[in-house]
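Novice: Any chance you could fold what I've pasted below:
(one chain, ligands or ions: 1)
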Amino acid sequence: MSIEPNQVVSIYYTLRDETGAVIDRSAPAQPLSYLHGHGNLVPGLERELTGKSAGDKLRVKVSAADGYGEYQPDLVQQVPRRALKGIRELTVGMRLEAQTRDGARMLTVSRIVGDMVTLDGNHPLAGKTLDFEIEIAAVRAATETEIAHGHVHTPDSHHH
Ligand code: ZN
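Specialist: The predicted structure is shown next:
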């Protein structure tokens, strides 16, 4: 069965950055399962997986534009520390959820200088070329409910 939209695909993956450092990987014997064709993976990776089959191994380099997007400097803002007084121990690298007009957005504390805190609304992998090593573990047809929900159901998944 080759991969096409509305199939559940299970993959082992290792994600490296441009320097070859491992950023993320699937746990041993626990492939990541996702519903293909629903935007659950970054576009550049999903596109390369289309048409592949269980057992295939591939190396996919995804540009920032096809990954988590280009880095947008206008998503960086500086706020006085007192604006974040609800947060006890503010540290660089900490992620905060902020309510914006467009809904909840994750911000990363990227810098703290004196009383000023720099908050970065970019995805941590924005602007980065992603280097994926993939092994396709399994491919199956999705159920109608999975297709309607846009995600995979596993025996231990629960939601409304
Ligand atoms: Zn569901």
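Novice: Quickly note the distance from the residue sitting furthest away from the middle of the chain to Met94.
Specialist: Outermost residue of the chain with respect to the C-alpha centroid, by Cα atoms, centre = their mean, is Gly114; its distance is 32.3 Å. As for Gly114, its distance to Met94 is 17 Å (criterion: Cβ to Cβ, to the nearest Å). Using the backbone N, CA and C atoms, a C-beta is placed for each residue, glycine as well.
Novice: Mind giving me the packing neighbours of the helix or strand of the chain with the lowest mean pLDDT?
Specialist: The helix or strand of the chain with the poorest confidence is strand 95-100; it has a mean of 87 (mean pLDDT, DSSP states H and E). The contact analysis (3 or more Cβ pairs under 8 Å, 6 or more residues apart in numbering; DSSP states H and E) places strand 95-100 against strand 103-113.
Novice: can you list the residues that contact the strand it packs on?
Specialist: 76, 81, 90-98, 117-124 (Cβ atoms under 8 Å, 6 or more residues apart in numbering).
Novice: So which of those are in strands?
Specialist: Judged by DSSP state E, the contacts of strand 103-113 include 76, 95-98, 117-120 as members of strands.
Novice: Can you lay out these as TSV showing distance to Phe132 and neighbour count?
Specialist: TSV is the format used below for those (distance: Cβ to Cβ, whole Å; neighbours: other Cβ atoms under 10 Å):
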residue	distance to Phe132	neighbour count
Val76	27	16
Arg95	23	11
Leu96	28	15
Glu97	27	8
Ala98	30	13
Val117	33	24
Thr118	30	16
Leu119	29	21
Asp120	24	20
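Novice: sec struct for the nearest residue to Gly150 once chain neighbours are set aside, please.
Specialist: Once flanking residues are discounted, Gly150 sits nearest to His38: 4.6 Å by Cβ to Cβ, 6 or more residues apart in numbering. Of the three states, His38 takes coil according to DSSP: H, G, I helix; E, B strand; the rest coil.
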